[in-house]
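Participant: For reference, the sequence and a predicted model appear below.
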Amino acid sequence: MLVAAAVCPCPPLLVPEVAAGAAAELDAARDACADALGLLAAARPGRLVVVGPVDGPGPETYPEGATGSFRGFGVDLDVRLGAAAGPAVRTGAATGPDTKRRLPYALAVAAWLLERTGWSDAPVEGLGVGESYPPERCERTGRDIATRDERVALLVMGDASACRTLKAPGYLDERAAPFDAEIARALGAADVAALTTLDTGLAHELKVSGRAPWQVLAGAADGAGLGGTLLYEDAPYGVGYVVAAWS
């Protein structure tokens, strides 16, 4: 049964080494993510499942100890998923138990967040779902996840629209701000019905990476009776970032 969830954005810029001189600009988002993970730990889950976007439809699974890297962003830093694999390490150090399947960037950011907050409260596994993963399969996947343990928690990674300003990756789209406002409301209110019925076509046009992960969350939370708290909502760099906690 799902007992708690944290929703976080997944830009590699959350990692200060990647953001470099602009690192302070996302301090509030980092702090909100830490607060959300603290609420996850307080729920004392028996299992944590990290869900995030991947290229392709997915689903792709990643065991505890799977590794990821920020070398593609010019940073000599590796991360591992879960406490059993130890803290983030510099490239070239000892590898985790699964080096063939590298964590996608969203799950690498999640692994960094978990390491930053010292997560050691439950076993961790990763799941990647792509933009084309259908809503009904997202919900079914979420329901399956919720049955894996008596006390399951989710860390759900994903960004809202990438079209909030002229300099945004997707340029300015006037539909982006109201779409993101509804996403923030739904995530802050733990509104499962609203997440289930997200407009997938509009999400695609607005370059929303979080649609499928959020709908996995909706499936896992169906019937769990969780409440939500919105911890952060902003659009630095023209991309919508939302942090919320469900318990």
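Facilitator: Alright, I've got the coordinates.
Participant: Go ahead and flag the most central residue of this structure.
Facilitator: By Cα atoms, centre = their mean, the chain has its centre lying nearest to Met157, at 0.9 Å.
Participant: excluding its backbone neighbours, what's nearest that one?
Facilitator: Distances taken as Cβ to Cβ, 6 or more residues apart in numbering place Gly52 nearest to Met157, at 3.6 Å, with adjacent residues excluded. For every residue, glycine as well, the C-beta is placed using N, CA and C.
Participant: if we can go back for a sec, wait, the residue nearest to the centre of the chain sits on Val54?
Facilitator: No: counting by Cβ atoms under 8 Å, Met157 does not reach Val54; the two are 10.5 Å apart.
Participant: who touches both of those two?
Facilitator: Common neighbours of Met157 and Val54 (criterion: Cβ atoms under 8 Å, 6 or more residues apart in numbering): Ala106.
Participant: In contact with the nearest residue to Ala160 once chain neighbours are set aside, which residues?
Facilitator: Nearest residue to Ala160 in three dimensions, chain neighbours excluded: Gly240, at 2.8 Å (Cβ to Cβ, 6+ apart). Going by Cβ under 8 Å, 6+ apart, Gly240 touches Asp159, Ala160, Ser161, Ala162, Arg164, Ala176, Asp180, Ile183, Ala184, Val208, Glu233, Asp234.
Participant: tell me the contacts of Asp159?
Facilitator: Asp159 neighbours (Cβ under 8 Å, 6+ apart): Pro9, Cys10, Pro11, Val208, Ser209, Gly210, Val239, Gly240, Tyr241.
Participant: what's the pLDDT at the first one?
Facilitator: Going back to what we said before, that points to Pro9. With respect to pLDDT, Pro9 scores 98.
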